[in-house]
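**Q** Here you go, sequence then predicted model.
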Protein chains: 2
Amino acid sequence: MTARETNPNFMNGVPQLLILRLLQQEEMYGYEIVQAIHNRTESVIAVGEGVVYPVLHALEREGALKSRRKTVNGRSRIYYSVTPAGSRRLANLSEAWTNLAAAIQKMLTGGQNVEAIP
Amino acid sequence: MTARETNPNFMNGVPQLLILRLLQQEEMYGYEIVQAIHNRTESVIAVGEGVVYPVLHALEREGALKSRRKTVNGRSRIYYSVTPAGSRRLANLSEAWTNLAAAIQKMLTGGQNVEAIP
DNA sequence: TGCGATACATCGAACCGCAAGGTATTATGA
DNA sequence: TCATAATACCTTGCGGTTCGATGTATCGCA
(Lines give C-alpha, C1' and ligand atoms only; values in the text may rest on other atoms or scores of the structure.)
Protein backbone atom coordinates (compact mmCIF):
# COMPACT_ATOMS: atom_id res chain seq x y z
CA MET A 1 0.00 0.00 0.00
CA THR A 2 1.70 3.14 -1.17
CA ALA A 3 -1.17 5.59 -0.78
CA ARG A 4 -1.59 6.20 2.91
CA GLU A 5 -4.75 8.19 3.27
CA THR A 6 -6.35 8.49 6.62
CA ASN A 7 -9.28 10.59 7.63
CA PRO A 8 -8.55 14.03 8.97
CA ASN A 9 -9.76 14.03 12.52
CA PHE A 10 -12.78 11.90 11.94
CA MET A 11 -14.17 12.40 15.41
CA ASN A 12 -14.29 16.15 15.44
CA GLY A 13 -17.08 18.55 14.81
CA VAL A 14 -19.75 16.94 16.94
CA PRO A 15 -20.53 20.18 18.77
CA GLN A 16 -20.91 21.77 15.33
CA LEU A 17 -23.29 19.07 14.30
CA LEU A 18 -25.46 19.33 17.39
CA ILE A 19 -25.60 23.10 17.26
CA LEU A 20 -26.59 23.17 13.61
CA ARG A 21 -29.24 20.59 14.25
CA LEU A 22 -30.76 22.50 17.16
CA LEU A 23 -30.78 25.75 15.23
CA GLN A 24 -32.41 24.15 12.26
CA GLN A 25 -35.35 23.17 14.41
CA GLU A 26 -35.62 26.47 16.19
CA GLU A 27 -33.92 29.84 16.53
CA MET A 28 -31.82 29.89 19.69
CA TYR A 29 -29.18 31.88 21.53
CA GLY A 30 -25.88 30.68 22.92
CA TYR A 31 -26.70 30.25 26.54
CA GLU A 32 -29.88 28.44 25.59
CA ILE A 33 -28.00 26.04 23.35
CA VAL A 34 -25.71 25.00 26.18
CA GLN A 35 -28.71 24.01 28.25
CA ALA A 36 -30.63 22.49 25.39
CA ILE A 37 -27.82 20.05 24.64
CA HIS A 38 -27.59 19.23 28.31
CA ASN A 39 -31.32 18.62 28.61
CA ARG A 40 -32.06 16.81 25.39
CA THR A 41 -29.21 14.35 25.84
CA GLU A 42 -30.14 13.90 29.47
CA SER A 43 -26.65 15.00 30.52
CA VAL A 44 -24.89 12.43 28.38
CA ILE A 45 -23.35 15.30 26.49
CA ALA A 46 -22.49 18.52 28.26
CA VAL A 47 -20.64 21.16 26.32
CA GLY A 48 -19.71 24.37 28.08
CA GLU A 49 -20.02 27.93 26.89
CA GLY A 50 -16.35 27.87 25.99
CA VAL A 51 -17.24 25.37 23.30
CA VAL A 52 -20.50 26.84 22.08
CA TYR A 53 -19.62 30.48 21.59
CA PRO A 54 -16.52 29.95 19.48
CA VAL A 55 -18.43 27.49 17.31
CA LEU A 56 -21.26 29.97 16.81
CA HIS A 57 -18.83 32.69 15.80
CA ALA A 58 -16.99 30.40 13.41
CA LEU A 59 -20.16 29.14 11.78
CA GLU A 60 -21.46 32.65 11.32
CA ARG A 61 -18.17 33.78 9.87
CA GLU A 62 -18.38 30.95 7.38
CA GLY A 63 -21.91 31.85 6.43
CA ALA A 64 -23.61 28.80 7.91
CA LEU A 65 -25.48 30.85 10.49
CA LYS A 66 -27.04 34.27 10.68
CA SER A 67 -27.80 36.18 13.84
CA ARG A 68 -30.08 38.93 15.07
CA ARG A 69 -30.01 40.85 18.29
CA LYS A 70 -33.07 40.85 20.47
CA THR A 71 -33.71 42.19 23.95
CA VAL A 72 -35.98 40.21 26.25
CA ASN A 73 -36.62 41.30 29.82
CA GLY A 74 -33.80 43.78 29.61
CA ARG A 75 -31.47 40.94 28.61
CA SER A 76 -29.71 41.22 25.31
CA ARG A 77 -29.67 37.98 23.41
CA ILE A 78 -28.19 37.01 20.09
CA TYR A 79 -30.42 34.59 18.27
CA TYR A 80 -28.91 32.35 15.64
CA SER A 81 -30.54 30.50 12.78
CA VAL A 82 -29.17 28.41 9.93
CA THR A 83 -28.71 29.71 6.41
CA PRO A 84 -29.19 27.53 3.33
CA ALA A 85 -25.43 26.95 3.36
CA GLY A 86 -25.69 25.89 6.98
CA SER A 87 -28.45 23.52 6.10
CA ARG A 88 -26.25 21.88 3.48
CA ARG A 89 -23.42 21.71 5.96
CA LEU A 90 -25.70 20.04 8.46
CA ALA A 91 -26.74 17.45 5.93
CA ASN A 92 -23.12 16.59 5.20
CA LEU A 93 -22.02 16.40 8.81
CA SER A 94 -25.07 14.42 9.66
CA GLU A 95 -24.41 11.83 7.02
CA ALA A 96 -20.75 11.60 7.92
CA TRP A 97 -21.65 11.01 11.53
CA THR A 98 -24.19 8.37 10.70
CA ASN A 99 -21.67 6.48 8.61
CA LEU A 100 -19.08 6.71 11.33
CA ALA A 101 -21.41 5.58 14.07
CA ALA A 102 -22.63 2.70 11.96
CA ALA A 103 -19.09 1.59 11.22
CA ILE A 104 -18.13 1.62 14.87
CA GLN A 105 -21.32 -0.06 15.96
CA LYS A 106 -20.70 -2.78 13.44
CA MET A 107 -17.23 -3.36 14.82
CA LEU A 108 -18.51 -3.48 18.36
CA THR A 109 -21.35 -5.86 17.78
CA GLY A 110 -20.33 -7.58 14.57
CA GLY A 111 -18.51 -10.85 14.25
CA GLN A 112 -15.42 -11.44 12.18
CA ASN A 113 -14.09 -10.18 8.91
CA VAL A 114 -16.01 -8.47 6.21
CA GLU A 115 -16.08 -10.56 3.08
CA ALA A 116 -13.23 -9.68 0.78
CA ILE A 117 -14.32 -7.40 -2.02
CA PRO A 118 -14.29 -9.43 -5.24
CA MET B 1 -26.45 26.75 37.75
CA THR B 2 -23.30 27.08 39.79
CA ALA B 3 -21.88 23.64 39.17
CA ARG B 4 -20.56 23.65 35.64
CA GLU B 5 -19.68 20.10 34.91
CA THR B 6 -18.95 19.08 31.40
CA ASN B 7 -17.59 15.85 30.07
CA PRO B 8 -13.85 15.62 29.67
CA ASN B 9 -13.22 15.13 26.00
CA PHE B 10 -16.20 12.96 25.31
CA MET B 11 -15.17 12.12 21.77
CA ASN B 12 -11.73 10.73 22.42
CA GLY B 13 -10.55 7.21 22.72
CA VAL B 14 -12.23 5.72 19.70
CA PRO B 15 -9.01 4.21 18.38
CA GLN B 16 -8.54 2.69 21.84
CA LEU B 17 -12.00 1.23 21.70
CA LEU B 18 -11.61 -0.27 18.25
CA ILE B 19 -8.21 -1.73 19.02
CA LEU B 20 -9.38 -3.34 22.25
CA ARG B 21 -12.37 -4.78 20.48
CA LEU B 22 -10.31 -6.29 17.68
CA LEU B 23 -7.83 -7.79 20.09
CA GLN B 24 -10.56 -9.29 22.19
CA GLN B 25 -11.76 -11.24 19.22
CA GLU B 26 -8.34 -12.29 18.07
CA GLU B 27 -4.66 -11.86 18.79
CA MET B 28 -3.19 -9.35 16.34
CA TYR B 29 -0.10 -7.28 15.64
CA GLY B 30 0.14 -3.56 14.94
CA TYR B 31 0.42 -3.51 11.22
CA GLU B 32 -2.44 -5.97 10.98
CA ILE B 33 -4.65 -3.81 13.16
CA VAL B 34 -4.21 -0.83 10.89
CA GLN B 35 -5.47 -2.85 7.96
CA ALA B 36 -8.18 -4.62 9.89
CA ILE B 37 -9.78 -1.32 10.89
CA HIS B 38 -9.52 -0.15 7.33
CA ASN B 39 -11.10 -3.29 5.96
CA ARG B 40 -13.81 -3.95 8.47
CA THR B 41 -15.12 -0.42 8.36
CA GLU B 42 -14.89 -0.42 4.59
CA SER B 43 -12.56 2.59 4.73
CA VAL B 44 -14.96 4.69 6.75
CA ILE B 45 -12.35 4.75 9.46
CA ALA B 46 -8.69 4.78 8.61
CA VAL B 47 -6.21 5.20 11.41
CA GLY B 48 -2.55 5.31 10.56
CA GLU B 49 0.35 3.56 12.21
CA GLY B 50 1.15 6.78 13.99
CA VAL B 51 -2.07 6.31 15.90
CA VAL B 52 -2.02 2.57 16.45
CA TYR B 53 1.46 2.00 17.80
CA PRO B 54 1.34 4.65 20.52
CA VAL B 55 -2.04 3.36 21.64
CA LEU B 56 -0.73 -0.19 21.83
CA HIS B 57 2.25 0.92 23.89
CA ALA B 58 0.06 2.94 26.23
CA LEU B 59 -2.45 0.16 26.72
CA GLU B 60 0.27 -2.33 27.45
CA ARG B 61 1.92 0.04 29.90
CA GLU B 62 -1.40 0.36 31.69
CA GLY B 63 -1.87 -3.38 31.84
CA ALA B 64 -4.78 -3.61 29.45
CA LEU B 65 -2.79 -5.55 26.88
CA LYS B 66 -0.05 -8.12 26.93
CA SER B 67 2.30 -8.90 24.07
CA ARG B 68 4.46 -11.71 22.81
CA ARG B 69 7.09 -11.70 20.12
CA LYS B 70 6.74 -14.12 17.28
CA THR B 71 8.67 -14.53 14.05
CA VAL B 72 6.77 -15.51 10.94
CA ASN B 73 8.49 -15.86 7.57
CA GLY B 74 11.54 -14.15 8.95
CA ARG B 75 9.36 -11.20 9.97
CA SER B 76 9.31 -10.27 13.60
CA ARG B 77 5.85 -9.48 14.83
CA ILE B 78 4.53 -8.37 18.19
CA TYR B 79 1.19 -9.94 18.90
CA TYR B 80 -1.10 -8.26 21.40
CA SER B 81 -4.02 -9.65 23.34
CA VAL B 82 -6.27 -8.22 26.03
CA THR B 83 -5.85 -8.89 29.71
CA PRO B 84 -8.77 -9.16 32.13
CA ALA B 85 -8.19 -5.49 32.96
CA GLY B 86 -8.32 -4.70 29.28
CA SER B 87 -11.55 -6.58 28.97
CA ARG B 88 -13.10 -4.47 31.69
CA ARG B 89 -11.78 -1.36 30.07
CA LEU B 90 -13.34 -2.41 26.81
CA ALA B 91 -16.70 -2.96 28.46
CA ASN B 92 -16.64 0.53 29.94
CA LEU B 93 -15.55 2.29 26.77
CA SER B 94 -18.04 0.32 24.81
CA GLU B 95 -20.92 1.30 27.00
CA ALA B 96 -19.85 4.94 27.05
CA TRP B 97 -19.72 4.96 23.29
CA THR B 98 -23.12 3.38 22.93
CA ASN B 99 -24.68 5.97 25.21
CA LEU B 100 -22.99 8.77 23.36
CA ALA B 101 -24.01 7.52 19.94
CA ALA B 102 -27.57 7.00 21.09
CA ALA B 103 -27.76 10.51 22.50
CA ILE B 104 -26.51 12.05 19.29
CA GLN B 105 -28.70 9.90 17.12
CA LYS B 106 -31.68 10.95 19.16
CA MET B 107 -30.84 14.60 18.63
CA LEU B 108 -30.40 14.10 14.93
CA THR B 109 -33.57 12.20 14.30
CA GLY B 110 -35.70 13.13 17.28
CA GLY B 111 -38.25 15.89 17.42
CA GLN B 112 -38.44 18.58 20.04
CA ASN B 113 -37.77 18.75 23.74
CA VAL B 114 -37.47 15.86 26.05
CA GLU B 115 -40.33 15.83 28.53
CA ALA B 116 -39.40 17.56 31.72
CA ILE B 117 -38.46 15.11 34.43
CA PRO B 118 -41.32 15.09 36.98
C1' DT C 1 18.89 -4.82 -8.20
C1' DG C 2 15.51 -2.00 -7.19
C1' DC C 3 10.83 -1.28 -5.84
C1' DG C 4 6.86 -2.26 -3.12
C1' DA C 5 4.98 -4.45 0.70
C1' DT C 6 5.66 -5.83 5.47
C1' DA C 7 6.64 -4.43 10.23
C1' DC C 8 8.30 -1.87 13.74
C1' DA C 9 8.77 2.96 15.77
C1' DT C 10 8.94 8.16 16.94
C1' DC C 11 8.18 13.06 16.63
C1' DG C 12 6.32 17.71 15.62
C1' DA C 13 2.38 20.24 14.15
C1' DA C 14 -2.33 21.00 14.19
C1' DC C 15 -6.45 20.97 16.16
C1' DC C 16 -10.22 20.60 19.33
C1' DG C 17 -12.50 20.83 23.33
C1' DC C 18 -12.20 22.23 28.30
C1' DA C 19 -11.73 24.87 32.36
C1' DA C 20 -11.24 29.13 34.06
C1' DG C 21 -11.78 33.64 34.06
C1' DG C 22 -13.90 38.24 32.79
C1' DT C 23 -17.97 41.71 32.15
C1' DA C 24 -22.67 43.19 32.93
C1' DT C 25 -27.52 42.83 34.11
C1' DT C 26 -31.57 40.98 36.62
C1' DA C 27 -33.85 38.28 40.20
C1' DT C 28 -33.77 36.17 44.85
C1' DG C 29 -33.66 36.12 49.62
C1' DA C 30 -31.62 36.77 54.13
C1' DT D 1 -30.33 46.43 51.43
C1' DC D 2 -26.84 43.98 49.88
C1' DA D 3 -24.72 39.75 48.72
C1' DT D 4 -25.52 35.76 45.93
C1' DA D 5 -27.24 33.19 42.14
C1' DA D 6 -28.77 33.04 37.62
C1' DT D 7 -28.79 34.93 33.00
C1' DA D 8 -26.06 36.22 28.95
C1' DC D 9 -22.25 37.45 26.56
C1' DC D 10 -17.12 36.56 25.55
C1' DT D 11 -11.78 35.17 25.35
C1' DT D 12 -7.64 32.72 26.38
C1' DG D 13 -4.26 29.19 27.75
C1' DC D 14 -3.62 24.35 28.53
C1' DG D 15 -3.75 19.65 27.61
C1' DG D 16 -4.55 15.68 25.14
C1' DT D 17 -5.33 13.29 20.57
C1' DT D 18 -4.73 12.46 16.23
C1' DC D 19 -2.28 13.06 11.95
C1' DG D 20 1.32 13.02 8.67
C1' DA D 21 5.91 12.53 7.80
C1' DT D 22 9.89 10.22 8.47
C1' DG D 23 13.10 6.55 9.78
C1' DT D 24 14.86 1.69 9.93
C1' DA D 25 15.04 -3.03 8.34
C1' DT D 26 13.62 -7.27 6.01
C1' DC D 27 11.41 -9.93 2.40
C1' DG D 28 9.51 -11.09 -2.29
C1' DC D 29 9.25 -10.36 -6.92
C1' DA D 30 10.08 -8.66 -11.51
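**A** That came through, no problem. Numbering: from 1, shown residues only, chains lettered A, B, ... in the order given.

**Q** Distance-wise, check the residue most central in space within chain A relative to B:Y31.
**A** Per CA atoms, centre = their mean, the C-alpha nearest to the average position across chain A is that of A:L17, at 1.1 Å. Separation of A:L17 from B:Y31 (CB to CB, to the nearest Å) stands at 33 Å. C-beta here means a position set from N, CA and C on the backbone, and glycine is covered the same way.

**Q** between the longest helix seen in chain A and helix B:84-109, how big is the angle?
**A** As assigned by DSSP state H, the longest helix anywhere in chain A is helix A:84-109. Orientation of helix A:84-109 against helix B:84-109 (axes from the mean of the first three to the mean of the last three CA atoms, to 10 degrees) gives an angle of 150 degrees.

**Q** in helix A:84-109, what's buried?
**A** Residues A:86, A:89-90, A:93-94, A:97, A:100-101, A:103-104, A:107-108 are the ones in helix A:84-109 that count as buried (16 or more other CB atoms under 10 Å in any protein chain shown).

**Q** With stretch A:24-32 instead?
**A** A:27-30, A:32.

**Q** from those, which two are the most distant?
**A** Pairwise distances across these (CB to CB) peak at 12.0 Å, for the pair A:E27 and A:G30.

**Q** shared neighbours, those two?
**A** Shared contacts of A:E27 and A:G30, defined by CB atoms under 8 Å, 6 or more residues apart in numbering or on different chains, are found at A:Y80.

**Q** returning to what we had before: between the buried residues of helix A:84-109, which sits nearest A:N73?
**A** A:G86 (28.1 Å).

**Q** Let me see the contact set for the residue lying closest to the closest one once chain neighbours are set aside.
**A** Spatial nearest neighbour of A:G86, chain neighbours left out: A:A64 (3.4 Å); criterion: CB to CB, 6 or more residues apart in numbering or on different chains. By CB under 8 Å, 6+ apart, A:A64 lies in contact with A:20, A:82-83, A:85-86, A:89.
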